[in-house]
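1. Pasted the sequence and its predicted model underneath.
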Amino acid sequence: MTTAPAADQRRLLDVQALDTQLAKLAHQRKSHPTLATLAELEGRAEDLGRAKTATDTLVSDVRRELRKAEADVEQVEIRAARDRKRLESGAGSPKDLQALSSEIESLARRQGALEEVELEVMERLEAAEKDAAAIDEQLAAISAQVEKAEAERDREFERLDSEIADVTRRREVAAAGIDAGLMSLYDRVRSQTGGLGVVAIQGESTVGVQLTLSLTERAAITAAGPDEVIRSEDYGYILVRLA
């Protein structure tokens, strides 16, 4: 049976308490609410970023369409102005002047139709730019929320890291000088159980942890010498007898 000084075994209880505290602090750091908040904000920002890309592309396309519509209207206006000038000059045969008059009327109808197209494109551009501005506002709001959440996270992490550093130093002091074989066994058990390596027992009952001891375990506790290291049957915990 493994042996280690009884005093060292009892010191393991202090080490375990500090390791448990370190585990709790690490969990608080890993699961701090600001992390979930930041993850949610990041997801929303990504969705808005994709929407912004699509909206910006639409705005660019509609602006290009508007420039074409404006150019079409301008070309008709230039041609109609030229025809009116020729008509007003009176140069040409009556037949030619009649043709110019008819063309001016046709160009006026064409201009009206093109201006309607231009107006419709302008309305679509206005709507697209409004959507783009709304997305920009939402992104700015999310950015402000992210900045606030990051500041809170950093403050909490600084506090937790300070506590972790303090408890780690205390743990080093508590573990200093404990039998090397006992510490190795303790660390191995903790890694196997997910954090718990040692359990205190008073008489034949566990302290602080609900653990039912079998008759065999109770008999081993009663029969063991003060320096013998007792292990639980089910989980392999080190059972430390309190004085």
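-> Happy to help now that I have it.
2. Which helix runs longest in this structure?
-> helix 94-175 (DSSP state H).
3. For that one, the averaged confidence score.
-> In this model, helix 94-175 has an average pLDDT of 92.
4. Pick out the residue nearest the middle of the protein.
-> Nearest to the mean C-alpha position of the chain, counting by CA atoms, centre = their mean, stands Ala39 at 1.8 Å.
5. next SSE after the longest helix of the chain?
-> Using DSSP states H and E, the next helix or strand after helix 94-175 towards the C-terminus is helix 180-193.
6. Output the contacting helices and strands for that following helix.
-> With contacts taken as 3 or more CB pairs under 8 Å, 6 or more residues apart in numbering; DSSP states H and E, helix 180-193 sits against helix 6-30, strand 238-241. Backbone N, C-alpha and C define where each C-beta goes, glycine included.
7. Tell me which of the ones you listed lies nearest to Val173.
-> Between Val173 and these, the shortest gap by CB to CB is with helix 6-30, which sits at 9.3 Å.
8. Taking helix 180-193 as reference, get the angle to that closest one.
-> 40 degrees (axes from the mean of the first three to the mean of the last three CA atoms, to 10 degrees).
9. Which elements pack onto helix 6-30?
-> Helix 6-30 packs on helix 94-175, helix 180-193, strand 198-202, strand 238-241, going by 3+ CB pairs under 8 Å, 6+ apart.
10. can you pull the buried residues of stretch 8-25?
-> 8-9, 11-22, 25 (16 or more other CB atoms under 10 Å).
11. mind saving the C-alpha coords of it as CSV?
-> Output in CSV follows, covering the C-alpha atoms of stretch 8-25 (Å, rounded to 0.1, in the frame of the first residue of the first chain):
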residue,chain,number,x,y,z
ASP,A,8,1.2,15.7,4.1
GLN,A,9,-2.1,13.9,3.4
ARG,A,10,-4.0,16.5,5.4
ARG,A,11,-2.2,19.3,3.6
LEU,A,12,-3.7,17.9,0.4
LEU,A,13,-7.1,19.1,1.6
ASP,A,14,-5.8,22.7,1.5
VAL,A,15,-4.4,22.1,-2.0
GLN,A,16,-7.7,20.6,-3.1
ALA,A,17,-9.6,23.6,-1.8
LEU,A,18,-7.4,25.9,-3.8
ASP,A,19,-7.5,23.8,-6.9
THR,A,20,-11.3,23.8,-6.6
GLN,A,21,-11.3,27.6,-6.3
LEU,A,22,-9.0,27.8,-9.4
ALA,A,23,-11.4,25.6,-11.3
LYS,A,24,-14.3,27.9,-10.4
LEU,A,25,-12.4,31.0,-11.4
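12. Show residues contacting it.
-> For stretch 8-25, contacts defined as CB atoms under 8 Å, 6 or more residues apart in numbering pick out 160, 163-164, 167-168, 170-171, 174-175, 177-179, 182-183, 186, 190, 195-198, 200, 229, 238, 240-243.
13. That'll do, ta.
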